[in-house]
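In: coords please:
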Amino acid sequence: MRFLSTLLAGSLLLSGAFAAKKTSAQRFDDFFAKSKTSSPLKLSDATYKSLTSTPRDYSVAILLTALEARFGCHLCQEFQPEWELLGKSWTRGDKKGESRLLFGNLDFTDGREIFISHGLQTAPVLFFFPPTQGPHAAISPDPIRYDFSGGPASAEQIHAWLSRQLPNRPHPAVKRPINWMRWATSLSLVAGSITVAATAWPYVLPIVQNRNLWAAVSLISILLFTSGHMFNHIRKVPYVAGNGRGGVSYFAGNFQSQYGLETQVVAALYGILSFCVISLAAKVPRLSDARSQQVAVIAWASVIFVLYSFLLSIFKIKNGSYPFQLPPFF
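Out: Numbers count the residues shown, from 1 in each chain. Predicted coordinates:
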């Protein structure tokens, strides 16, 4: 019985010594075989040390993360699906392991010792370990760290970063799965839109072809743009401003600035003046009674005169040297 115990202990020591003497190629073959069924590889403290031990003739990309809700790492949870997509896409595209790259994933709950040894206070952290021997050996064995300061990265961004670290080697593309729900939703929306358009078209067509509607839309657009509406949006001008004497200024005193209310007043003046001119040109000639025509002409002309006088007074506020003016606004 004692002999059997001694024999078993010796066997374990021999197997441990044999495992410890595994070459870099053997380690890569073992981990690569596991990655075919699960990539990125789920690591622990021990497997992390084994995977990144030197010498190595392969590269390793390892994400150190903290996915449990108690850690509150939202960036970790957002990036994890992209990392898994990249690992699976790369492994499927590199079935023979020609790129000599392995993907790993170490969560804080499984690798506290590794986090402490690297002095990490935040997550996620992405390390790239270059090979230390072979034709692609790096000068320094130290890992290269990806910068997450810009927020969560996409699988394509990490793919581009890894490709720069792996020159003259295969770079399998990222292949996203087809989002069938998105396709179905888009097709349903397109079909529904076509059905609604076909049903409503007989009712919409007369509205679209209405000349008065297009004339009104064109006139409103012209009034908005000629009165300075776009200037207000670009410069973010105030609606009104103080005049320095405890009062309120509704009109800016130069051509380089204006107020929001000023734009609305000018647009309203232009609109009423336009309506007056249209009425004189189109409505008044249709009146059958001569006396009604005369009254209408005098009324519309008076409105135009008064409003134009007010418009000139506003223009004089904008340009004090303007020499012209009309009663009753001097």
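In: what are the ranges of the strands in the stretch 51-200 of the chain?
Out: Ranges of strands in the stretch 51-200 of the chain, per DSSP state E, counting those that start in this stretch, are 59-65, 101-107, 125-129, 144-145.
In: Reformat these as CSV; add mean pLDDT, distance to Y239 and mean neighbour count.
Out: C-beta here means a position set from N, CA and C on the backbone, and glycine is covered the same way. Shown next, in CSV, are those (pLDDT from 0 to 100; distance: least, CB to CB, whole Å; neighbours: other CB atoms under 10 Å):
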stretch, mean pLDDT, distance to Y239, mean neighbour count
strand 59-65, 94, 50, 23
strand 101-107, 94, 55, 24
strand 125-129, 95, 50, 21
strand 144-145, 92, 51, 14
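In: where does the stretch 1-150 of the chain dip in pLDDT?
Out: Within the stretch 1-150 of the chain, the ranges that satisfy pLDDT under 70 run 1-21.
In: which residues in it form helices?
Out: 2-20, 24-35, 45-52, 74-93, 112-118 (DSSP state H, counting those that start in this stretch).
In: I'd guessed L41 sits against F32; true?
Out: No. Under the criterion of CB atoms under 8 Å, L41 makes no contact with F32, lying 9.6 Å away.
In: where do the contact lists of these two overlap?
Out: L102 (CB atoms under 8 Å, 6 or more residues apart in numbering).
In: Near G228, how many residues? Count them for me, please.
Out: By the measure other CB atoms under 10 Å, the count of residues near G228 is 20.
In: I misspoke; the intended subject was S218.
Out: Neighbour tally, S218, other CB under 10 Å: 10.
In: Need the CA coordinates for the helix or strand hosting it. PDB is fine.
Out: Assigned by DSSP states H and E, S218 belongs to helix 211-226. C-alpha atoms of helix 211-226 as PDB (Å, rounded to 0.1, in the frame of the first residue of the first chain):
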ATOM      1  CA  ARG A 211     -50.800  75.800 -56.700                       C
ATOM      2  CA  ASN A 212     -52.100  77.900 -53.800                       C
ATOM      3  CA  LEU A 213     -50.500  75.500 -51.300                       C
ATOM      4  CA  TRP A 214     -47.100  75.700 -53.100                       C
ATOM      5  CA  ALA A 215     -47.400  79.500 -53.400                       C
ATOM      6  CA  ALA A 216     -48.100  79.800 -49.600                       C
ATOM      7  CA  VAL A 217     -45.200  77.500 -48.700                       C
ATOM      8  CA  SER A 218     -42.800  79.400 -51.100                       C
ATOM      9  CA  LEU A 219     -43.900  82.700 -49.700                       C
ATOM     10  CA  ILE A 220     -43.500  81.700 -46.100                       C
ATOM     11  CA  SER A 221     -40.000  80.300 -46.800                       C
ATOM     12  CA  ILE A 222     -39.000  83.500 -48.600                       C
ATOM     13  CA  LEU A 223     -40.200  85.600 -45.700                       C
ATOM     14  CA  LEU A 224     -38.300  83.400 -43.200                       C
ATOM     15  CA  PHE A 225     -35.000  83.600 -45.000                       C
ATOM     16  CA  THR A 226     -35.200  87.200 -46.100                       C
END
